[in-house]
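Q: My questions are about this predicted structure, shown below with the sequence.
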Amino acid sequence: MKTALITGITGQDGSYLAELLLEKGYRVFGLVRRSSTVTFERIDHIQDRLELVSGDLSDQNSLFYALEASQPDEVYNLAAQSFVQTSWTQPVLTGDVTGLGVTRMLEAIRIFDRERRIRFYQASSSEMFGKVQAVPQDEDTSFYPRSPYGVAKVYGHWATVNYRESYGMYAVSGILFNHESPRRGLEFVTRKVTDGAARISLGLSRELRLGNLDAQRDWGFAGDYVRAMHLMLQQDEPDDYVVATGETHTVQKLVELAFSAVGLDWREHVKLDERFMRPAEVDLLVGDPGKAKRKLGWEPEVNFESLVTMMVEADLERLRGNRRSAVSSAV
Ligand code: NDP
Ligand code: GDP
């Protein structure tokens, strides 16, 4: 039985990856940070099968304790301050957790695991391509990050490559394009739109305020993308991979699909709001997943239209359930 340690297990990807590894028979440990309220919604359904250790990417010692407690074969570093917009208001924290946090984990592994037994996955991002230098973007495309988040991810990526080359560690960087699901945080545009369309259709709100509708993203399904993370740690040699669908769509197209899934005309409900515009924008992302397909045998299974429908339906169901429980607690 293999053992994995997942940082960021309470996040979108952490929850899907934990499910996948449990299915494969892994013993799964998760690093969780202390909070005054419980943030385990995404792993509630599997929590009794997980072993949680407390720690924080900004605290070096806690990472040693986590390695000692879990004795992992594989470490998946998914924890991060992951929201681009917040990285402009908290640039130093983003640099510390999303960037330097990677080196803290790599250092902990380097010192703890002298036999180089542990395999390490770093959650890198298409945001590193930023102002894109080629279309589509692949493993050889130069980086040009456009936010403190993107800058921190570039640091984490190169730290991973550097520890592989300096110390012979099995360390890989997965350059993942945007991936979404019903478990995506409500602040990200896909979930904000599917939740907004569902709310409006149920009469719970009237409008949805958004920023730049022209930005284009290569959106995939998180459940597909965690399969690629796992595959990257099962190869003979460590290497870096782009994980994407190869298709791109505008935010406006996303809005059209979500509103039409609930039978509404988006033009009657969507308002543009300066507050959601960014100081520097990433206009176009579209990845070339050719290497992941050839070498890992990985392919996405859920397309953009099915993803949006899946998310709208999940939001409708959740909001209807909330309404029912509000009514029953009132009677
Ligand atoms: P989420 O924002 O859903 O999850 C982030 C996780 O990191 C949460 O579990 C959070 O814990 C944890 N975390 C945040 N700060 C710390 C800290 N200081 N110490 C320990 N844990 C911390 O992100 P996703 O699941 O969507 O993404 C996973 C990773 O993949 C991230 O690194 C993200 O940047 C990267 N990525 C994501 C993409 C996407 O489209 N989803 C695309 C490319 C890369 P808590 O619950 O306590 O807040
Ligand atoms: P990102 O690619 O990691 O920044 O993921 P997001 O989901 O946060 O944003 C994707 C794109 O949607 C970006 O180009 C944003 O500028 C654009 N966008 C437009 N309106 C909004 C909004 O209201 N919220 C968010 N989060 N993004 C928006």
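A: That came through, no problem. Ligands and ions are numbered 1, 2, ... in the order given.
Q: Tell me which other helices or strands the helix or strand encompassing A228 touches.
A: Secondary structure from DSSP states H and E places A228 in helix 222-232. Applying 3 or more Cβ pairs under 8 Å, 6 or more residues apart in numbering; DSSP states H and E, we find helix 222-232 packed against helix 12-23, strand 119-125, strand 170-176, strand 179-180, strand 241-243. Placement of C-beta: from N, CA and C, glycine included.
Q: What lies in contact with it?
A: Contact partners of helix 222-232, identified using Cβ atoms under 8 Å, 6 or more residues apart in numbering, comprise 12-13, 16-17, 20-21, 24, 76, 121, 123, 172, 174, 176, 179-181, 183-184, 239, 241, 243, 292, 296-298, 300-302.
Q: That one near ligand 2 at all?
A: No. Legend: contact between helix 222-232 and ligand 2 by Cβ under 6 Å from any ligand atom is lacking; minimum distance shown is 12.8 Å.
Q: now that helix: how far from the chain's centre is it?
A: In terms of Cα atoms, centre = their mean, to the nearest Å, the centre of helix 222-232 is found 11 Å from the chain centre.
Q: Only alpha carbons, please: show that helix as PDB.
A: The C-alpha trace of helix 222-232 is given here as PDB (Å, rounded to 0.1, in the frame of the first residue of the first chain):
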ATOM      1  CA  ALA A 222     -10.900  19.100 -12.000                       C
ATOM      2  CA  GLY A 223     -11.700  15.400 -11.700                       C
ATOM      3  CA  ASP A 224      -9.900  14.800 -15.000                       C
ATOM      4  CA  TYR A 225      -6.900  16.900 -14.000                       C
ATOM      5  CA  VAL A 226      -6.100  15.000 -10.800                       C
ATOM      6  CA  ARG A 227      -5.700  11.800 -12.800                       C
ATOM      7  CA  ALA A 228      -2.800  13.600 -14.600                       C
ATOM      8  CA  MET A 229      -1.200  14.600 -11.300                       C
ATOM      9  CA  HIS A 230      -1.100  11.000 -10.200                       C
ATOM     10  CA  LEU A 231       0.200   9.700 -13.600                       C
ATOM     11  CA  MET A 232       3.100  12.200 -13.400                       C
END
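Q: What segments of this protein are strands?
A: 3-7, 27-32, 50-54, 74-77, 119-125, 170-176, 179-180, 208-210, 216-217, 220-221, 241-243, 249-250, 270-272 (DSSP state E).
Q: how about those strands, which one is nearest ligand 2?
A: For ligand 2, the closest of the strands of the chain is strand 208-210, at 3.9 Å, according to Cβ to the nearest ligand atom.
Q: That closest one pairs with which strands, and in what direction?
A: The strands that strand 208-210 pairs with in its sheet are strand 270-272 (parallel) (by DSSP bridges).
Q: Against which helices or strands is the helix or strand of the chain with the lowest mean pLDDT packed?
A: Every helix and strand of the chain was ranked by mean pLDDT, DSSP states H and E. The lowest is helix 304-330, at a mean of 90. Applying 3+ Cβ pairs under 8 Å, 6+ apart, we find helix 304-330 packed against helix 189-201, strand 220-221, helix 251-261.
Q: near ligand 2, which residues of the stretch 201-331 of the chain?
A: The stretch 201-331 of the chain comes close to ligand 2 at residues 210-212, 215, 217, 251, 276, 278, 281-282, as judged by Cβ under 6 Å from any ligand atom.
Q: Now with 5 Å, please.
A: With Cβ under 5 Å from any ligand atom as the criterion, the stretch 201-331 of the chain comes near ligand 2 at residues 210-212, 215, 251, 276.
Q: Show the contacting residues for the closest residue in space to A197 that isn't next to it in sequence.
A: Distances taken as Cβ to Cβ, 6 or more residues apart in numbering put A258 closest to A197, at 4.2 Å, once the chain neighbours are dropped. The contact partners of A258, by Cβ under 8 Å, 6+ apart, come to 193-194, 196-197, 266, 308, 311-312.
Q: closest to I111 among those residues?
A: Among the contacts of A258, M311 lies closest to I111 (Cβ to Cβ), at 41.9 Å.
Q: how far away is the residue nearest to A197 from T190?
A: In this view, A258 and T190 are 8 Å apart by Cβ to Cβ, to the nearest Å.
Q: List the residues that are in contact with both of those two.
A: Taking Cβ under 8 Å, 6+ apart as the contact rule, the neighbours common to A258 and T190 are 308, 311.
Q: Any buried residues in stretch 164-176, and which?
A: Neighbour-count burial for stretch 164-176, with 16 or more other Cβ atoms under 10 Å as criterion, is recorded at 164, 169-176.
Q: Distance to M229 and pLDDT for those - can I get that in TSV?
A: Compiled in TSV, the buried residues of stretch 164-176 are given as follows (distance: Cβ to Cβ, whole Å; pLDDT from 0 to 100):
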residue	distance to M229	pLDDT
R164	16	98
M169	17	98
Y170	14	98
A171	13	99
V172	9	99
S173	11	99
G174	6	99
I175	11	99
L176	8	99
